[in-house]
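> build me a structure from this.
(one chain, ligands or ions: 1)
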Amino acid sequence: MRPSVVPDSAAARAAIQTFAGDVAYYLTLTPRQLPSRYLYDALGSALFEAICELPWYRITRAERNLLASRGDEILAHADPLGTFIELGPGSGEKLAALVLAGAAQLHGARLTAHLIDVSAAALDLASRTLRALDANPSIEIVAHQATYEAGLVQAAARRRPAGRALALFLGSNIGNFDPPGADAFLRHIRAALAIGDFLLIGTDLVKPEAELLLAYDDPLGVTAAFNRNLLVRINRELGADFDLASFRHRAVWNDAESRVEMHLVAARRQQVRIPAAFLEVTLAAGEAIWTESSYKYRPDAVLRILERAGFQLAEQWIHEEDGFALTLVEAT
Ligand code: AVJ
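A predicted model of the protein is given here:
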């Protein structure tokens with residue numbers, strides 16, 4: 001038998017090579033970019049969990065509220081339910097809130113929850129949260145460490161033959177996709193479902209610019225740390241020498257594109273070496289690296305993209321105060 005450290009470190013090396021290739025590609029585009037999925041190493045994930053507790057970042061709380069108050073209605077639509085498929089379960093708290101709120105609807109059902117995430121740490125945490133739920137009925141948990149697309153294929157192949165499936169894409173994670181990407185991704189979800197299955201999607205809504213900017217440039221600097229941690233990660237994993245002190249966090253509302261953008265702005269001209277990516281870049285003073293887009297929707301725009309992807313509206317619930325929508329659609 002091989003020592004288990006061998007496949008592990010081979011996988012880790014492969015992940016770093018992919019990261020290096022992506023950094024080399026995106027950082028040399030005009031404008032310079034880095035893919036937002038790399039924000040979530042262990043520290044980045046912990047910082048994101050902290051963001052969710054900030055008073056200025058209302059997505060998580062608004063959604064939790066709606067799941068708790070509307071969980072029974074959501075599950076009544078999807079009755080009889082056999083399978084949950086959650087894309088990006090995070091800590092598992094969202095699905096747990098839904099199950100607890102809708103416990104009366106689920107009574108006596110035989111249920112499996114498929115959790116899909118690239119992060120093993122997230123899957124571990126979510127699985128533990130859901131196993132600790134002590135729900136009646138107990139829910140079988142299947143974790144898929146995979147991209148959303150690959151995980152959807154696996155989950156669809158292993159869904160329960162009886163009952164409907166309810167796919168969950170929560171937390172406004174759809175906001176990281178540009179419009180063509182969101183369209184394509186919703187079609188991936190639809191392709192994994194059968195007629196009569198459901199999708200529940202959480203979307204942050206367009207709101208006044210000042211509120212959006214506070215959510216993405218908070219007075220405590222947690223979001224700035226979350227953003228700059230991407231450079232910490234590149235320094236550690238790719239041997240780079242980004243000087244953290246000379247990068248400023250910037251959030252901007254791009255009204256024409258309906259998105260909040262996060263950037264890292266070089267405070268002065270500098271050279272950065274990224275050995276594992278065989279890359280050396282010179283950043284001009286004031287030059288920005290674009291690290292994330294968070295698209296914001298209007299309620300009817302959410303419906304339009306879902307309808308285009310082969311779904312029809314079951315119900316939409318809006319948290320007016322926090323500007324957030326939960327939309328439940330049925331696969332047609
Ligand atoms: C997890 C992608 C939904 O875009 O609001 C939070 C990530 N970025 N603060 C979002 C994030 C900055 C978050 N999503």
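> check contacts around the nearest residue to residue 153 once chain neighbours are set aside.
Excluding the flanking residues, the one nearest residue 153 by Cβ to Cβ, 6 or more residues apart in numbering is residue 192, at 6.6 Å. Where you see a C-beta, it was placed from the backbone N, CA and C, and this is true even at glycine. Neighbouring residues of residue 192 by Cβ atoms under 8 Å, 6 or more residues apart in numbering: 85, 152-153, 155-156, 167.
> check residue 243 too.
Per Cβ under 8 Å, 6+ apart, neighbours of residue 243: residue 270.
> equivalent analysis for the one 3 residues further on, please.
Counting by Cβ under 8 Å, 6+ apart, residue 246 touches 266-268, 270.
> elements contacting the host helix or strand of residue 261?
Per DSSP states H and E, residue 261 falls inside strand 259-266. Applying 3 or more Cβ pairs under 8 Å, 6 or more residues apart in numbering; DSSP states H and E, we find strand 259-266 packed against helix 209-216, helix 222-238, strand 247-254, strand 288-295.
> at 10 Å instead, please
helix 209-216, helix 222-238, strand 247-254, strand 279-283, strand 288-295 (3 or more Cβ pairs under 10 Å, 6 or more residues apart in numbering; DSSP states H and E).
> dump these to TSV, plus distance to residue 201.
Supplementary listing: these in TSV, determined by distance: least, Cβ to Cβ, whole Å:
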stretch	distance to residue 201
helix 209-216	19
helix 222-238	23
strand 247-254	22
strand 279-283	37
strand 288-295	13
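> for the ligand, find the nearest of those.
Nearest of the helices and strands packed on strand 259-266 to the ligand, taken as Cβ to the nearest ligand atom: strand 288-295 at 3.4 Å.
> quick one: average pLDDT of the closest one?
Averaged over strand 288-295, pLDDT sits at 98.
> whichever helix or strand comes after that strand vs strand 288-295, what angle?
Once strand 288-295 ends, the next helix or strand along the chain (criterion: DSSP H and E) is helix 299-308. Here helix 299-308 runs at an angle of 80 degrees relative to strand 288-295 (axes from the mean of the first three to the mean of the last three Cα atoms, to 10 degrees).
> got the buried residues for the longest helix along the chain?
Longest helix in the chain by number of residues (criterion: DSSP state H): helix 5-27. By neighbour count on 16 or more other Cβ atoms under 10 Å, the buried set for helix 5-27 is 19-20, 22-24, 26-27.
> hang on, residue 322 packs against residue 55?
No - look at residue 322 against residue 55 with Cβ atoms under 10 Å: they stay out of range, at 11.2 Å.
> which one of these two has more residues nearby?
Taking other Cβ atoms under 10 Å, residue 322 and residue 55 do not tie; residue 322 has more neighbours (18 against 11).
> who's in contact with that one?
Residue 322 makes contact with 58-63, 65-66, 204-205, 207, 211, according to Cβ atoms under 10 Å, 6 or more residues apart in numbering.
> let's see 6 Å
Counting by Cβ atoms under 6 Å, 6 or more residues apart in numbering, residue 322 touches 58, 62.
> can you list the helices and strands packed on strand 259-266 in CSV and add mean neighbour count and distance to residue 80?
Shown next, in CSV, are the helices and strands packed on strand 259-266 (neighbours: other Cβ atoms under 10 Å; distance: least, Cβ to Cβ, whole Å):
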stretch, mean neighbour count, distance to residue 80
helix 209-216, 17, 38
helix 222-238, 20, 41
strand 247-254, 18, 43
strand 279-283, 16, 54
strand 288-295, 21, 34
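> ok, and the closest non-adjacent residue to the residue in the stretch 1-150 of the chain positioned nearest to the ligand?
Closest to the ligand within the stretch 1-150 of the chain is residue 51: 5.0 Å, counting by Cβ to the nearest ligand atom. By the measure of Cβ to Cβ, 6+ apart, the closest residue to residue 51 outside its immediate chain neighbours is residue 57, 5.1 Å from it.
> doesn't the one you found lie inside a strand?
No - per DSSP: H, G, I helix; E, B strand; the rest coil, residue 57 lies outside any strand segment and is coil.
> that one reaches residue 49, doesn't it?
No - counting by Cβ atoms under 6 Å, residue 57 stays clear of residue 49, with 11.0 Å between them.
> shaky segments in the chain?
1-8, 135-137 (pLDDT under 70).
> in it, which residue is most central in space?
residue 173 (3.7 Å; Cα atoms, centre = their mean).
> got the residues of the stretch 51-200 of the chain near the ligand?
51, 59, 171-173, 175-176 (Cβ under 6 Å from any ligand atom).
> quick one: stretch 229-244 near the ligand?
No - applying Cβ under 6 Å from any ligand atom, one finds stretch 229-244 separated from the ligand by no less than 11.1 Å.
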